[in-house]
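Undergrad: What follows is a predicted structure for the sequence shown.
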Amino acid sequence: MSSAENTETLLSVRNLVVNFRQEDGEKFNAIKGVSFDIPKNRTVALVGESGSGKSVTSMAIMQLLPPNNTEISPDSQILFEGKNLLGLSASELRKMRGKDIAMIFQEPMSSLNPVFTVGDQVAETLMLHAGLGRRAAAKRAVELLFEVGLPNPSEKAKAYPHQLSGGQQQRVMIAMAIACEPKLLIADEPTTALDVTIQKQILQLIAELQKKHGMSVLFLLMIWAWSVSLLMMWW
Amino acid sequence: MNAIVEAVPGLKIEPASKSLWALGWQRLKRNKVGFIALWVVVAYLLIAVGGWLNIVASNWAEEVAVPYAPPSWITKGKDEQLPAKTATVVEAQPIVTMLPSEDPLAQELEAAQKNTAKYADNSPAKLETMPFGADLRGRGVIEKTIKGTSTSIFVGIFGAVLALSIGTTLGAVSGYFGGKVDDFFTWFYSIFTSVPDMLLLLSFAAVSGRGISTIIMVMALTSWTGTYRLVRAEYMKLKNREYVQAADAIGASHYRRMFVHILPNISHLLLVQFSLMTVALIKYEAILSFLGFGVGVRQVSLGSMLAETPAELVQGFWWQMLAVTIAMSVLVTAFSLLVDALRDALDPKVK
């Protein structure tokens, strides 16, 4: 998908091998040597049916796989701006997650904490990474909610997740993801849990934000049709 | 309903649904028994706070009445009443008559006779009856009960807070990290719970002596186990929820995920657990004090009052026992009913 004028690579995955340890001591080889590049300011889509390892790949990039029953082979490399993410310490990773690489999950309903208002949850990322104070973060959160097209954002910021519809929840998740202007946004089937009209709106929103903020986006999709329409949207 | 909301973007259903706590409050208000119980508990708590701040019953230790003064509303039968007698000063007759010059104590006696006014007991006369009777040392039963209730609630609440924090912290660490950490704490828990509760409580109490702070410590150290198991299970369930993963994905630390993201999600359980434990600890305190391991001798609690009653009952002085029984059973009943109502109100599964 990269065009001629920009071939600078943001993230390159080299020979990624992920094994799951099983109860009986056997290893299950989930990812068998995946390699791909994501250029700067471009969108890459991974397409495949469920169980093909898309999510595991994205989790491996974020280093979110549970460490006690997964192992990433030592030959694998995940280079983010030339830095191997697999060699980073836990605290270095924590600094990077949410700031340089952000993620949108499949199920917006269960990805939002039910006991906090959505405004608080968007503000949390800002407080953790941008060093904003509580009030500044809350103000910025409302701006972000406006940016992702939530109607009446200052009111909605005070709403709890269950008071929003699925599409609105996914917009909140996107606002959380773009809060710190990440260089790479991983969207793990962001539309699977939504109905068709909302799916289109969400994809359009991500496309707009990608252009506006100059992010790279890694899309994980299950259905070819969406990837095709995605390509139409970007080209 | 949800399907409609999602299918029609922009459709709003008024009024907006309320938060868990607002809904819980609404449901609690609908529950008549629970609501009355709430006010009874609030009244008790006010008395308790008044007792801690020495606003009410600060004079409970004053010995204002004669020992075992009966309640003033008891009317005695005529044959039970002693004939009224005026006190007369009886001059002691010397057994051996001695001349003052022979008596070695004569001078001191004479000096003492002169100073009798100085050493006279000028305190007001002890009351014959009290509104609800008096105890062995003539202290009013009402004041004593209020102060005792206050102490008991203090012990119950702070013991529960401490036990809850121990149980929650261990349970959170254990359930969240799992693996070896979990094994270690579960192993510790299993050994701890294999010892009978009362035995553990008594042995801790016997080692650490008497007093309010030690009794709080003792009860917290022995009663964190139920909370530990509950919190551990909840953390095992919640740590894999996507919103916790999402918190991981925005770079939240372990501590932050444990206590900022997961803990508020079990706060309703902790509230119910707290109320349950407060009731249990009030009862435990009574048992401990009754057995002589409780509050210090200068303090009073429902348990220590109860400990005095067996000796009183054999002599027919029943008022202290009645007062303690009423105070404690109303408190425990109201608290239990409140817990029941709270659980119904806050658990989204029971509707």
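TA: Thanks, I have it.

Undergrad: drop to CA atoms for contacts and neighbour counts, all remaining ones
TA: Fine.

Undergrad: so where do the strands sit in the chain?
TA: Going with chain A. A:9-21, A:27-39, A:43-47, A:70-72, A:77-80, A:83-84, A:101-104, A:184-188, A:216-221 (DSSP state E).

Undergrad: TSV for the ones you listed, including mean pLDDT and distance to chain B?
TA: Putting those into TSV (pLDDT from 0 to 100; distance: least, CA to the nearest CA, whole Å) gives the following:
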stretch	mean pLDDT	distance to chain B
strand A:9-21	89	14
strand A:27-39	88	19
strand A:43-47	84	20
strand A:70-72	86	14
strand A:77-80	88	16
strand A:83-84	86	18
strand A:101-104	89	7
strand A:184-188	89	11
strand A:216-221	86	15
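
Undergrad: B:T116: which of those strands is closest?
TA: In terms of CA to CA, the element of these nearest to B:T116 is strand A:101-104, at 92.6 Å.

Undergrad: Run through the neighbouring helices and strands of that closest one.
TA: helix A:166-178, strand A:184-188, helix B:242-249 (3 or more CA pairs under 8 Å, 6 or more residues apart in numbering or on different chains; DSSP states H and E).

Undergrad: mind exporting the last one as CSV, just the C-alpha atoms?
TA: Going back to what we said before, that points to helix B:242-249. What follows is the C-alpha trace of helix B:242-249 in CSV, where atoms were taken according to Å, rounded to 0.1, in the frame of the first residue of the first chain:
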residue,chain,number,x,y,z
GLU,B,242,-10.9,-6.4,28.2
TYR,B,243,-11.0,-3.1,30.0
VAL,B,244,-8.1,-4.2,32.1
GLN,B,245,-6.3,-5.3,29.0
ALA,B,246,-7.2,-1.9,27.5
ALA,B,247,-5.7,-0.2,30.6
ASP,B,248,-2.6,-2.3,30.0
ALA,B,249,-2.6,-1.0,26.4
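
Undergrad: from the middle of its chain, how far away would it be?
TA: Distance, stretch centre to chain centre, for helix B:242-249: 41 Å (CA atoms, centre = their mean, to the nearest Å).

Undergrad: And chain A, is that helix touching that?
TA: Yes - Helix B:242-249 lies within reach of chain A by CA under 8 Å from any CA of the partner chain, at B:242-246, B:248-249.

Undergrad: Kindly report the residues of the stretch 101-250 of chain B close to chain A.
TA: Within the stretch 101-250 of chain B, the positions near chain A by CA under 8 Å from any CA are B:241-246, B:248-250.

Undergrad: What's the mean pLDDT across the longest helix along chain A?
TA: In chain A, taking DSSP state H as the definition, the longest helix is helix A:196-213. Helix A:196-213 shows a mean pLDDT of 84.

Undergrad: any idea how far it is from the chain center?
TA: Put simply, helix A:196-213 sits 14 Å off its chain's centre (CA atoms, centre = their mean).

Undergrad: Stretch A:180-187 now?
TA: 6 Å.

Undergrad: What of stretch B:192-212?
TA: Worked out by CA atoms, centre = their mean, stretch B:192-212 lies 18 Å from the chain centre.

Undergrad: How about stretch A:58-76?
TA: 16 Å.

Undergrad: what do you get for stretch B:147-166?
TA: That offset, for stretch B:147-166, works out to 5 Å (CA atoms, centre = their mean).

Undergrad: in the sheet, who's paired with the residue nearest the centre of chain A?
TA: Chain A has A:M103 as the residue nearest its centroid, 1.9 Å off, counting by CA atoms, centre = their mean. Going by DSSP bridges, A:M103 is paired in beta bridges with A:I186.

Undergrad: I'd say it and A:P182 touch.
TA: No - using CA atoms under 8 Å as the test, A:M103 is too far from A:P182 to be in contact (9.5 Å).

Undergrad: Pass me the low-pLDDT residue ranges in chain B, would you?
TA: B:1-20, B:76-86, B:94, B:96, B:348-351 (pLDDT under 70).

Undergrad: could you point out the longest helix in it?
TA: Ranking each helix of chain B by length (DSSP H) puts helix B:141-177 first.
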